[in-house]
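A.B. asks: Predicted model, plus sequence, below.
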There are 2 protein chains.
Amino acid sequence: MSKDKPYRVVVIGLGSMGMGAARSCIAAGLETCGIDVRQEALDELKEAGAVSVGRNGLAFASSLDAVLLLPVNADQCRQALFGPDGIAPHLRPGTPVMVSATVAADDARDLEARLKEQNLPMLDAPVSGGSVRAAKGEITVMAAGAPETFDKLGPLLDAISAKVFRIGTEIGQGSTVKIIHQLLAGVHIAVAAEAMALASRAGIPLQTLYNVVTNAAGNSWMFENRMQHVLDGDYTPHSSVDIFVKDLGLVVETGNALKFPIPIAAIAHSLFVNASNAGYGKRDDSAVIRNYSGIKLPGDPA
Amino acid sequence: MSKDKPYRVVVIGLGSMGMGAARSCIAAGLETCGIDVRQEALDELKEAGAVSVGRNGLAFASSLDAVLLLPVNADQCRQALFGPDGIAPHLRPGTPVMVSATVAADDARDLEARLKEQNLPMLDAPVSGGSVRAAKGEITVMAAGAPETFDKLGPLLDAISAKVFRIGTEIGQGSTVKIIHQLLAGVHIAVAAEAMALASRAGIPLQTLYNVVTNAAGNSWMFENRMQHVLDGDYTPHSSVDIFVKDLGLVVETGNALKFPIPIAAIAHSLFVNASNAGYGKRDDSAVIRNYSGIKLPGDPA
């Protein structure tokens, strides 16, 4: 690809991460298209400077240099690629597909096999960083695939990410690293909630606990980020409880498939499931603290 | 206390934290004494510039301006203060006693009551930061007590700590915050080990996982610090498995006393107990990863 020829990319799935990634592509000067089922997301991206948006990609599929898949799960990936209006059959042979949803390693391998039938190379490339870093083009990518596929996706990777970790060449390795990352992320949120809830019950001012922990060896990225939401009494979802019902569910599946014990992750998964069952599934993942009764938290009625 | 009059302090318990704190006192120009049962620790501190050391403090107790207690647990605190050679009866009335061992809130209140009988004010002042920061005079202190007691301990607090959090005036609040801090610290180590063990089983290079996690939202202070020991295959104890058998044990006791559920901490406690039972009690706390069989870790025989 020459410097003069524009590079055209589509982002499929314009949630908080996808919208941020798409905006970063526009900011980096890529010709950017967007696909989502929600009209308001399409309008927002069009407004931001997208060259084309739609509920499917039939209008622009054959003009694309790269596809970035950022829906919620593996089923949505399959639907977007191979469903009735799926984009895969309409792409030019050789167009690289970067699969960045958090999926099981088996799902990543299944997607690769089906893409290969259509001569479409895949990067198994989950991401981390949250919506704020996505909007700044500073996603962390943990990816596995052929070196040529990394090369073909170069302009897209440059546009959206601060850091690209090359895990290996085998599809499934990127997804496995992401799932293990989510094991840590999910447990850190759940245990942060456990600690803050216990402090509340013990009569310790929560802001004081927060200040101590964030200045000491008990700190985690998630404690510092998510417990601020609890202090604010603001459970507007950045990433929801149900995301960790799904992602820690993938952790449990991975442990089962390898017959490997993951006792802490299994408990944390149950806590997110319990919070979802209590009605907090669509709230911020810090709402896992709502599992604990008999305590008063910021924002609660007096 | 005038600027001209020297300030004399004793550090009781010259383990990794206590030795660092005592060295920081010397570095800050305080007249520093030391008490320990181990002769080599006494020799080391004398060499470093202590004015007096001994297996008990009878020789210098009446000359002290402050006492810093840093043994392992509440029983050792009681022994050091009120045992056969205990220092409490020999202190001048009003000498402040800073209790910095990690103890239950009930134990902190019991120690205060007994010190009060001898007109000795107490600061309930657990610490965090590890031996490296202790040696630099950069301990984090989370303390509760009367404002006058904080004032009397000013030169000592300045010498050993980078940050002093005043939790409240009620004895027990400092210990409670420390215990909740240890809930987080202990769980973060145990889940770090769980994640690294799962990665090993899944064939992910551990250094790669470490690089991804420490650059992403799944990071914790403990993951970054302790999993380096696993990568190095070096389980030389900085803080041992048995410390978390004790500290997470205090977390479980605290939950029971408040009838408050702490499911994740309870599992993590069991994992440290299991590692201790398997013979790793005196090894670095990162050796909790030895709970997982069927994996090969750095340093293991080929």
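C.D. replies: Looks like it came in fine.
A.B. asks: ok, which stretches of the stretch 151-300 of chain A are helices?
C.D. replies: A:154-160, A:173-201, A:206-213, A:221-232, A:241-258, A:263-275 (DSSP state H, counting those that start in this stretch).
A.B. asks: how close does A:His181 sit to A:Ala275?
C.D. replies: According to CB to CB, to the nearest Å, A:His181 stands 21 Å off from A:Ala275. Backbone N, C-alpha and C define where each C-beta goes, glycine included.
A.B. asks: what about the residue of the stretch 1-150 of chain A found nearest chain B, how many neighbours?
C.D. replies: For the stretch 1-150 of chain A, the residue closest to chain B is A:Ser128, as judged by CB to the nearest CB, at 4.2 Å. A:Ser128: 25 surrounding residues under other CB atoms under 10 Å in any protein chain shown.
A.B. asks: How about the contacts made by A:Leu68?
C.D. replies: Listed by CB atoms under 8 Å, 6 or more residues apart in numbering or on different chains, the contact set of A:Leu68 reads A:Val9, A:Val10, A:Val11, A:Ile12, A:Gly18, A:Ala21, A:Met98, A:Ser100, A:Leu156, A:Ile160.
A.B. asks: Tell me the secondary structure at it.
C.D. replies: The three-state label for A:Leu68, taken from DSSP: H, G, I helix; E, B strand; the rest coil, comes out as strand.
A.B. asks: Quick check: pLDDT value at it.
C.D. replies: Looking at A:Leu68, its pLDDT stands at 98.
A.B. asks: and what of A:Gly20?
C.D. replies: If you check A:Gly20, the pLDDT there is 96.
A.B. asks: doesn't A:Glu138 make contact with it?
C.D. replies: No: in this structure, A:Gly20 is not within contact of A:Glu138 by CB atoms under 8 Å, at 9.2 Å.
A.B. asks: Neighbour count: the two, which is higher?
C.D. replies: Between A:Gly20 and A:Glu138, counted using other CB under 10 Å, A:Gly20 has the larger neighbour count: 25 against 16.
A.B. asks: what's near enough to touch that one?
C.D. replies: By CB under 8 Å, 6+ apart, the contact set of A:Gly20 is A:Ser131, A:Val132, A:Arg133, A:Ala134, A:Ala135, A:Lys136, A:Ile139.
A.B. asks: which residues of chain A score low on pLDDT?
C.D. replies: A:1-4 (pLDDT under 70).
A.B. asks: which strand is the longest one in it?
C.D. replies: Under DSSP state E, the strand in chain A containing the largest number of residues is strand A:161-168.
A.B. asks: Can you confirm whether that strand lies near chain B?
C.D. replies: Yes: judged by CB under 8 Å from any CB of the partner chain, strand A:161-168 comes into contact with chain B at A:Lys163, A:Phe165, A:Ile167, A:Gly168.
A.B. asks: out of the residues you listed, which is most surrounded?
C.D. replies: In those, the most neighbours by other CB under 10 Å go to A:Ile167, 26 neighbours.
A.B. asks: That one is in contact with A:Val177, isn't it?
C.D. replies: Yes: contact criterion CB under 8 Å: A:Ile167 and A:Val177 qualify, at 5.3 Å.
A.B. asks: Which residues are in contact with the closest residue in space to A:Leu209 that isn't next to it in sequence?
C.D. replies: Nearest residue to A:Leu209 in three dimensions, chain neighbours excluded: A:Ala199, at 4.5 Å (CB to CB, 6 or more residues apart in numbering or on different chains). Counting by CB under 8 Å, 6+ apart, A:Ala199 touches A:Leu206, A:Leu209, B:Thr176, B:Val177, B:Ile180.
A.B. asks: same thing but 10 Å
C.D. replies: Shown in contact with A:Ala199 (CB atoms under 10 Å, 6 or more residues apart in numbering or on different chains): A:205-206, A:208-210, A:212-213, A:295, B:176-177, B:179-181, B:183.
A.B. asks: Also A:Ala88?
C.D. replies: Taking CB under 10 Å, 6+ apart, we find A:Ala88 in contact with A:57, A:61, A:67, A:78, A:80-82, A:95, A:97, A:111, A:114-115, A:117-118, A:120.
A.B. asks: Neighbours of A:Leu206, how many?
C.D. replies: Around A:Leu206 sit 18 other residues, with neighbours defined as other CB under 10 Å.
A.B. asks: Tell me which residues touch it, please.
C.D. replies: Residues in contact with A:Leu206 (CB under 10 Å, 6+ apart) are A:Ala195, A:Met196, A:Ala197, A:Ala199, A:Ser200, A:Met227, A:Val230, A:Leu231, A:Ile295, A:Leu297, A:Pro298.
A.B. asks: change it to 7 Å
C.D. replies: Neighbouring residues of A:Leu206 by CB atoms under 7 Å, 6 or more residues apart in numbering or on different chains: A:Met196, A:Ala199, A:Ser200, A:Leu231, A:Pro298.
A.B. asks: And A:Val10, by the same measure?
C.D. replies: Residues counted as contacts of A:Val10 (CB under 7 Å, 6+ apart) are A:Cys33, A:Gly34, A:Ile35, A:Gly57, A:Phe60, A:Leu64, A:Val67.
A.B. asks: redo that, cut-off 6 Å
C.D. replies: With contacts defined as CB atoms under 6 Å, 6 or more residues apart in numbering or on different chains, A:Val10 is in contact with A:Cys33, A:Gly57, A:Leu64, A:Val67.
A.B. asks: one step back: tell me the one among the residues of strand A:161-168 next to chain B nearest to B:His238.
C.D. replies: B:His238 has its nearest neighbour among the residues of strand A:161-168 next to chain B in A:Phe165, at 28.1 Å by CB to CB.
A.B. asks: That closest one pairs with what?
C.D. replies: According to DSSP bridges, the residues that bridge with A:Phe165 are A:Met142.
A.B. asks: In this structure it contacts B:Thr214, no?
C.D. replies: No: the pair formed by A:Phe165 and B:Thr214 falls short of the contact definition of CB atoms under 6 Å, at 10.9 Å.
A.B. asks: can I get the contacts of A:Ala199 in CSV with distance to A:Ile87?
C.D. replies: Converted to CSV, the contacts of A:Ala199 look like this (distance: CB to CB, whole Å):
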residue, distance to A:Ile87
A:Pro205, 53
A:Leu206, 47
A:Thr208, 52
A:Leu209, 49
A:Tyr210, 45
A:Val212, 50
A:Val213, 46
A:Ile295, 48
B:Thr176, 56
B:Val177, 54
B:Ile179, 54
B:Ile180, 50
B:His181, 50
B:Leu183, 48
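A.B. asks: Put the buried members of these into a ChimeraX selection.
C.D. replies: Those of the contacts of A:Ala199 that count as buried under 16 or more other CB atoms under 10 Å in any protein chain shown are selected in ChimeraX with:
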select /A:206,208,209,210,212,213,295 /B:176,177,179,180,181,183
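A.B. asks: Around chain B, which positions in the stretch 151-300 of chain A sit nearby?
C.D. replies: By the criterion of CB under 6 Å from any CB of the partner chain, the positions of the stretch 151-300 of chain A lying close to chain B are A:163, A:165, A:167, A:176-177, A:180-181, A:183-185, A:187, A:191, A:194-195, A:198-199, A:201-202, A:204, A:208, A:212, A:215-221, A:258, A:260, A:262-264, A:267.
A.B. asks: picking that back up, among the helices of the stretch 151-300 of chain A, which is the most enclosed?
C.D. replies: helix A:173-201 (a mean of 28; mean count of other CB atoms under 10 Å in any protein chain shown).
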